[in-house]
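**Q** Please work out how this folds:
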Amino acid sequence: MRYVAPTREALDARVLGRHPLDTWSQAYGFLGGASWPSIEVLNAHRPASMQQRFVAQTPQLLADGLHYEERIAVTGAIATRERNWHDLFNTLVWMRYPAIKQALNLRQVAEIAVMGRRERSRPQCALTHFDEAGIVVHLREPAMVEAWDAHDWETLFRGYRQAWLNGDTTVHVFGHALLEHALTPAKLLVGKAMVFLGGSGDVLDACAAAIDSGQVLNDPLELRPFPLSGLPGWHDDGDTADFYRATPCFQPVRAGRIYPPARATA
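**A** Numbers count the residues shown, from 1 in each chain. Sure, this is the predicted structure:
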């Protein structure tokens, strides 16, 4: 069933103070209140490193005949529907993670050049899944990856609770559709994660470089399911063992399912 976000008027403002929307609502004043930000306001908040710009999606814009991704690569114009949660979160992700978004765009355009505009390759599906529901996770303990490989959710989240809380691990919620789904408080969010282990480099730079070089996101099965509700403090029942055993978002690993090894940052 297609997800329908609450209207701005019906939004429960309390969700903006909860994970994962709390940091986004604090950094950008566009999520709360009665008014939608204009395209001009969004463009004024772009980081200096972002060359692309947001452009209202109108019939006139779409008449250029370009694919959405091609338009970004050729003209720098990111078609954006106004008064739309999905596209608003997309603009915010562009602002926060421009290098990763640009790497995804260039890979998509390269695949379109091979496949055409109607067919989709396995890499295109992987790139889209990450764009919509992606999470970048940086771990320090190899044993955490082993628990994740086995879908041992109680060990991963509850057994390493302190590591999640003290900054030894970092989680970047990247997917704009995932952020949109967070507008509904009862949803148990499961993202599609790329995991990095150890290293002293910047995990976001490493992620962008890996995407740009084609080392990752060549098949959707590379991505690991990551139930965000398992993170300490992200769900009211997260401190109980039964939560990880009975809640639907914590699925057992499928027979024969093997994930690629965690990548190093540098």
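
**Q** any idea which helix or strand comes after the host helix or strand of I211?
**A** Under the assignment given by DSSP states H and E, the secondary-structure element containing I211 is helix 203-213. Proceeding N to C from helix 203-213, the next assigned helix or strand is strand 224-227, under DSSP H and E.

**Q** contacts for that following strand?
**A** Outside strand 224-227, the residues within contact range by C-beta atoms under 8 Å, 6 or more residues apart in numbering are 135, 137, 148, 153, 188-195, 249-251, 259. Every C-beta, even on glycine, is put in place using the N, C-alpha and C of the backbone.

**Q** and which of those is nearest R14?
**A** Minimum distance to R14 across these is 16.1 Å, recorded for L189 (C-beta to C-beta).

**Q** Excluding covalently adjacent residues, which one is nearest to that closest one?
**A** Using C-beta to C-beta, 6 or more residues apart in numbering and skipping residues adjacent in sequence, the residue nearest L189 is L228, 4.3 Å away.

**Q** Give the residue spans of the stretch 1-150 of the chain that score low on pLDDT.
**A** Within the stretch 1-150 of the chain, the set of residues satisfying pLDDT under 70 is empty.

**Q** My read is that G199 contacts A264, right?
**A** Yes. When contacts are counted by C-beta atoms under 8 Å, G199 is listed as touching A264 (4.4 Å).

**Q** hang on, the earlier thing: list the contacts of the residue nearest to L189.
**A** Each residue near L228 by C-beta under 8 Å, 6+ apart is listed here: 19-20, 135, 171, 173, 178, 189-191, 234.

**Q** any idea how far it is from A5?
**A** 17 Å (C-beta to C-beta, to the nearest Å).

**Q** Need the residue closest to the centroid of the protein.
**A** For the chain, the residue lying nearest the average C-alpha position, counting by C-alpha atoms, centre = their mean, turns out to be G175 (2.0 Å).

**Q** what's near enough to touch that residue?
**A** With C-beta under 8 Å, 6+ apart as the criterion, the residues that contact G175 are 93, 130-135, 191-192.

**Q** can you rerun that using 7 Å?
**A** By C-beta atoms under 7 Å, 6 or more residues apart in numbering, the residues touching G175 are 131-135, 191.

**Q** buried stuff in stretch 220-239?
**A** Neighbour-count burial for stretch 220-239 flags 220, 222-232, 234-235, 238 (criterion: 16 or more other C-beta atoms under 10 Å).

**Q** Please save the CA atoms from stretch 109-120 in PDB.
**A** As requested, the backbone C-alpha atoms of stretch 109-120 are provided in PDB (Å, rounded to 0.1, in the frame of the first residue of the first chain):
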ATOM      1  CA  VAL A 109      22.800   9.000 -15.400                       C
ATOM      2  CA  ALA A 110      25.500   6.600 -16.500                       C
ATOM      3  CA  GLU A 111      23.100   3.700 -16.100                       C
ATOM      4  CA  ILE A 112      20.400   5.500 -18.100                       C
ATOM      5  CA  ALA A 113      22.900   6.000 -20.900                       C
ATOM      6  CA  VAL A 114      23.200   2.200 -21.100                       C
ATOM      7  CA  MET A 115      19.700   1.100 -20.300                       C
ATOM      8  CA  GLY A 116      17.600   3.900 -21.800                       C
ATOM      9  CA  ARG A 117      14.800   5.600 -19.900                       C
ATOM     10  CA  ARG A 118      12.400   2.700 -19.700                       C
ATOM     11  CA  GLU A 119      14.400  -0.200 -18.400                       C
ATOM     12  CA  ARG A 120      16.100  -0.400 -15.100                       C
END
